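K.L.:
sequence first, predicted model second:
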Amino acid sequence: MMEFTYSEARQHLAALLEQARRDGEVRIRRRDGNVFVLRLAEKTGSPLDVQGLDLGMTQEEIVAVVHEGRRTA
């Protein structure tokens, strides 16, 4: 894991982002001694982003099933 000064990080931000992606994380130390960790964030997706299923039904059949379900509910 590499550690850079704040000034180095400012000058080479694009390279640091690439290194964080490749190596997992990069540390940046400020003059006051605080150390920050730069790492790639996990990809987040929508909970509604699901893969579709091929049920072999036509659009009309699906609409009929939905209508039938609404009538009985």
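P.N.:
The structure has been received and is ready for your questions. The model shown is predicted, which means the values in this text are computed figures rather than measured ones. Numbering: from 1, shown residues only.

K.L.:
how deep is Met57 tucked in, by neighbour count?
P.N.:
Counted by other C-beta atoms under 10 Å, the residues lying close to Met57 total 12. Using the backbone N, CA and C atoms, a C-beta is placed for each residue, glycine as well.

K.L.:
what number of residues lie near the closest residue to it other than its chain neighbours?
P.N.:
Excluding the flanking residues, the one nearest Met57 by C-beta to C-beta, 6 or more residues apart in numbering is Val65, at 7.8 Å. By other C-beta under 10 Å, the residues close to Val65 number 12.

K.L.:
and for Val26?
P.N.:
Neighbour tally, Val26, other C-beta under 10 Å: 22.

K.L.:
for the helix or strand bottoming out on mean pLDDT in the chain, which strands pair with it and how are they oriented?
P.N.:
Least confident element among the helices and strands of the chain, by mean pLDDT, DSSP states H and E: strand 2-5 (a mean of 81). Strand pairing for strand 2-5, using DSSP bridges, gives strand 26-29 (parallel).

K.L.:
what's the longest helix in this structure?
P.N.:
helix 59-72 (DSSP state H).

K.L.:
any idea of the mean pLDDT in that helix?
P.N.:
Mean pLDDT, computed over helix 59-72, is 90.

K.L.:
got the buried residues for it?
P.N.:
The neighbour-count check on helix 59-72 (16 or more other C-beta atoms under 10 Å) flags nothing as buried.

K.L.:
so how far is that helix off the chain centroid?
P.N.:
Relative to the centre of its chain, helix 59-72 is centred 36 Å away, using C-alpha atoms, centre = their mean, to the nearest Å.

K.L.:
list the contacts of the closest residue to Leu17 other than its chain neighbours.
P.N.:
Nearest residue to Leu17, sequence neighbours excluded (C-beta to C-beta, 6+ apart): Leu38, at 7.4 Å. Leu38 makes contact with Ala9, Leu16, Leu17, Ala20, Glu25, Val26, Arg27, Ile28 under the criterion C-beta atoms under 8 Å, 6 or more residues apart in numbering.
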